Structure formats: C-alpha cells, structure tokens
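Chemist: coords below, sequence missing:
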C-alpha cells in the first residue's frame, strides 16, 4: 500500500469450525490481512484459498463479512427490517414470501434485535448497528464469517453480551469465525486460536499459549500485563 509493505511472510491455516482471533497494536496489519483474505486488496505474492483450495470469487456466497463500524448517512431512510430485507431479496431470490419471512424472523430472534426493527438504521447505537450487521451477514447462511473489530464503540456490558451471542452462533451454526479484536479478555474467553500480528505473525496458538506476558511484550513493543482466569469452552 503506497509502496510500503504492510504484512510480510504471513502463513496461516484455519480449520473448519474454529474461532480465530487476530490481535496486535494499531497499524499491525490486522484489518489489512482481513481485507487481503477477502480479496478487497491485492496480495503481492502468495495465495489465499478457501474451503478446500477454492479462490474467494468461487466461494464468496459462502462467506460473510462485517467491517469495522460503518458511518451511516443520517438521511438513510430504511428501518432495520427493510434493511435486512435487502439481503434476503439478494440471497433468497426464488424463495416464497412465507419462507423469507420465517428466515427473517428466526434471525431477528437469534440476534436479539426484535425491539429495534422499526428503528431507522441511521439512529442505532454502535452495539445495535453491529448486531444488525451480523444479522445481515448471516442471512446468506455463510460457512465462514469475518468480523473486523465488531465491538468498537460498544460499552463493556454490551461487548460481553455481543461476544456471548457470537459464541452461541459459532457453536450452533458450526461456523468458522475470523475476528480482529483489541479486547484480550474477550479473546481469551471465546477464541479457539489466536494469531498475534505486528507486520509478521509474532506467535500463534491457543489463548492460553499466546496471551502470556513475554509474547505480548514482543507483539505490542512494550511492557504488557494481562491477567486471566481459567476458562473452558
């Protein structure tokens, strides 16, 4: 990007059904890696393969993506139900209205957005908007879901409930999830594997293996303390 090498020597393999967290300081290349995986920016060398060796263009209909919080235009007139219906029309073009309505209602209950359906998308809080974007992405029934800082701008209680929802979706739908996160405590509690980036992959492994002081000092370039309690998935 602008002649500068953002990421170098990146080699990662993601198993089906994992919840992968990408961590690292600002400017480490986490969002860049996500966009490269999704084919949104070019890869200088190497390749990205999905679902048994296929290119992104071959499997894009099986992949969902929720970017960092989008800034919505205040004049954006659609309410939440109307906004979600846009993706249903695209993903389910030959389905009957009854099937489409059932799919939409199931998604609304699963994501917990029933009480904001008539609200304008432009008026939603950060946490509400991110839930709506998750629902939007899941309507295409993806096998892989990419989340870029999904709780940016969300308060602490909202962040915890958001990650609980993500883990529930992950387990019930047998989804593969790749997420960028700054919240190490949430990563520790919910991720199955962690990649720590700072232009290169500094370390990788389980949360217990990666989220150790020495590793975090290397990744973040400063003295870094992280305290955690034992957990189980």
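Modeler: Received, thanks. None of the values given here were measured: they were computed from a predicted structure.
Chemist: and residue 104, how far from residue 64?
Modeler: 16 Å (CB to CB, to the nearest Å). From N, CA and C alone the C-beta is placed, and that goes for glycine too.
Chemist: please read the previous query as pertaining to residue 86.
Modeler: 15 Å.
Chemist: for the two, indicate the residue with more neighbours.
Modeler: Neighbours were counted for residue 86 and for residue 64 using other CB atoms under 10 Å; residue 64 has more, 22 against 12.
Chemist: next structured bit after the lowest-mean-pLDDT helix or strand in the chain?
Modeler: Least confident element among the helices and strands of the chain, by mean pLDDT, DSSP states H and E: helix 56-59 (a mean of 76). As assigned by DSSP states H and E, the chain's next helix or strand after helix 56-59 is strand 63-66.
Chemist: same for that following strand, what does it pack against?
Modeler: Strand 63-66 sits against helix 126-138, strand 144-148, with contacts defined as 3 or more CB pairs under 8 Å, 6 or more residues apart in numbering; DSSP states H and E.
Chemist: and the direction of the last one versus that of helix 126-138, what angle?
Modeler: This means strand 144-148. 150 degrees (axes from the mean of the first three to the mean of the last three CA atoms, to 10 degrees).
Chemist: which residues does the following helix or strand past strand 144-148 contact?
Modeler: Tracing the chain past strand 144-148, the next element assigned as helix or strand by DSSP H and E is helix 156-173. Residues outside helix 156-173 that contact it (CB atoms under 8 Å, 6 or more residues apart in numbering): 19, 110-112, 127, 130-131, 134, 138, 145, 147, 150-151, 154, 175, 177, 179, 183, 186, 189-190.
Chemist: helix 156-173 - what's its average pLDDT?
Modeler: Averaged across helix 156-173, the pLDDT comes to 90.
Chemist: buried set for that helix?
Modeler: Across helix 156-173, burial judged by 16 or more other CB atoms under 10 Å covers 158-160, 162-163, 166-167, 169-170, 173.
Chemist: skipping adjacent residues, who's closest to residue 110 in space?
Modeler: residue 169 (7.2 Å; CB to CB, 6 or more residues apart in numbering).
Chemist: then residue 146?
Modeler: Going by CB to CB, 6+ apart, residue 146 has residue 65 as its nearest residue, at 4.6 Å.
Chemist: following the helix or strand where residue 203 lies, which helix or strand comes up?
Modeler: Using DSSP H and E, residue 203 sits in strand 200-205. Moving toward the C-terminus from strand 200-205, the next helix or strand (DSSP H and E) is helix 207-210.
Chemist: where are the low-confidence patches of the chain?
Modeler: 1-11, 45-47, 51, 69-72, 90-94, 224-233 (pLDDT under 70).
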